[in-house]
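Chemist: coords please:
(one chain, ligands or ions: 2)
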Amino acid sequence: AKSHMRSPLLGLNGVAAMKACYRRFDPAAYLQYNYTPPRADFTRKDSIVPWKLACLHRAFTEGDMSGELLVDIGSGPTLYQVMSGCEVFSKVLLTDFLEVNRQELRRWLQDEGQCSLDWTPYLQHVCKLEGRRPSAWTEKAAKLRQVVADILPIDVHCSQPLAPDALPLAGADCLVSCFCLESVSPDLAAFTRALGHIGKLLRPGGHLMLIGALGESYYFAGPGVRIPVVPLNEAQVCTSLKESGYTLIRLEVYTLTQDMRVGVDDVTGVFFVKAKKD
Ligand SMILES: C[S@@+](CC[C@H](N)C(=O)[O-])C[C@H]1O[C@@H](n2cnc3c(N)ncnc32)[C@H](O)[C@@H]1O
Ligand SMILES: O=[N+]([O-])c1ccc2c(c1)CN[C@@H](CO)C2
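Modeler: Ligands and ions are numbered 1, 2, ... in the order given. The predicted model follows:
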């Protein structure tokens, strides 16, 4: 007899259910949905990706950074989030939960084979933000390939998200994390716990750059791959940061215009946080 259909997620705890969802994450589709026009349109001032790159550029270059090691938490298949930081820190570690994403990053970094997205326009845009001519993008690509030391597995729901020997004892000097915590947590409490877990990877006085979704309850990570998201508002982000031992330096918010809502999620805004670990 046909075994009755059982939802694969029933009976799993919230974190396990989220991990089951991520088994269907499709890097190429994810990049197509979020990192091509209109959301990544460098000819438009109101496009989301240029806004994110401007926030990161300012945060990394306003003179309060120190140290050598930058760690990106939940990198996914994207590199934009370290294109400013790679000029400030001598060592960058990328991390992700899924091997398919780590493979995507490795393909670009080892400059071999077809990548799912051409990062050239991103490199050129960040060069422009740095006052360099866009043709310097080849130098920035070389810089990025030179400073990225490794691409590591990570699980932000573990109290120790990385392998024990992944970081120096003192911890990282800076963390960046974009659209990870709220997209991998079953609820606000788990989001806040994960924020605390990654905080343990950061040295006291180190900085956290956090980009995330506001008011989002789901997103598609491929055709029919619907992933639940913890819907956050600004106040919850600030409270979670405080509860997890960070001091807020700056919070900036981007509100999506109608044409940025392309049907791949129900996100209403994007937050950028620069914070310092107490
Ligand atoms: C929405 S994507 C964000 C990707 C990228 N940082 C960006 O800015 O677009 C969320 C990422 O979190 C990763 N992820 C899923 N579960 C995770 C976990 N338990 N710990 C850390 N990362 C996880 C996924 O593999 C995915 O790459
Ligand atoms: O507009 N964007 O640049 C952009 C980039 C990535 C993501 C979103 C929006 C919204 N959904 C999240 C996953 O929860 C992923």
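
Chemist: what does the stretch 101-250 of the chain have sitting close to ligand 2?
Modeler: Within the stretch 101-250 of the chain, the positions near ligand 2 by Cβ under 6 Å from any ligand atom are Phe179, Ser183, Ala213, Glu216, Tyr219, Val229. C-betas here are computed from N, CA, C, even on glycine.

Chemist: tell me the contacts of the fifth one?
Modeler: Applying Cβ atoms under 8 Å, 6 or more residues apart in numbering to Tyr219 gives the contacts Tyr33, Ser183, Ala213, Arg226, Ile227, Val229, Val264, Asp265, Asp266, Val267.

Chemist: Ok, the first one next?
Modeler: Applying Cβ under 8 Å, 6+ apart to Phe179 gives the contacts Gly74, Gly76, Ile211, Gly212, Ala213.

Chemist: What segments of the stretch 151-278 of the chain are helices?
Modeler: For the stretch 151-278 of the chain, applying DSSP state H, counting those that start in this stretch gives helices covering 181-184, 188-199, 234-243.

Chemist: how about JSON lines for the ones you listed, with distance to Val126 added?
Modeler: Shown next, in JSON lines, are the helices of the stretch 151-278 of the chain (distance: least, Cβ to Cβ, whole Å):
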{"stretch": "helix 181-184", "distance to Val126": "24"}
{"stretch": "helix 188-199", "distance to Val126": "24"}
{"stretch": "helix 234-243", "distance to Val126": "25"}
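
Chemist: What pairs with the longest strand seen in the chain, parallel or antiparallel?
Modeler: Across the chain, the longest stretch assigned as strand under DSSP state E is strand 202-214. Using DSSP bridges, strand 202-214 pairs in its sheet with strand 172-178 (parallel), strand 269-277 (antiparallel).

Chemist: for the closest residue to Asp150 other than its chain neighbours, what are its contacts?
Modeler: Take Asp150 and drop its neighbours on the chain: the residue closest to it by Cβ to Cβ, 6 or more residues apart in numbering is Leu93, 5.5 Å away. With contacts defined as Cβ under 8 Å, 6+ apart, Leu93 is in contact with Leu69, Leu70, Val71, Asp72, Val148, Ala149, Asp150, Ile151, Leu152, Ala166, Leu167, Ala172.
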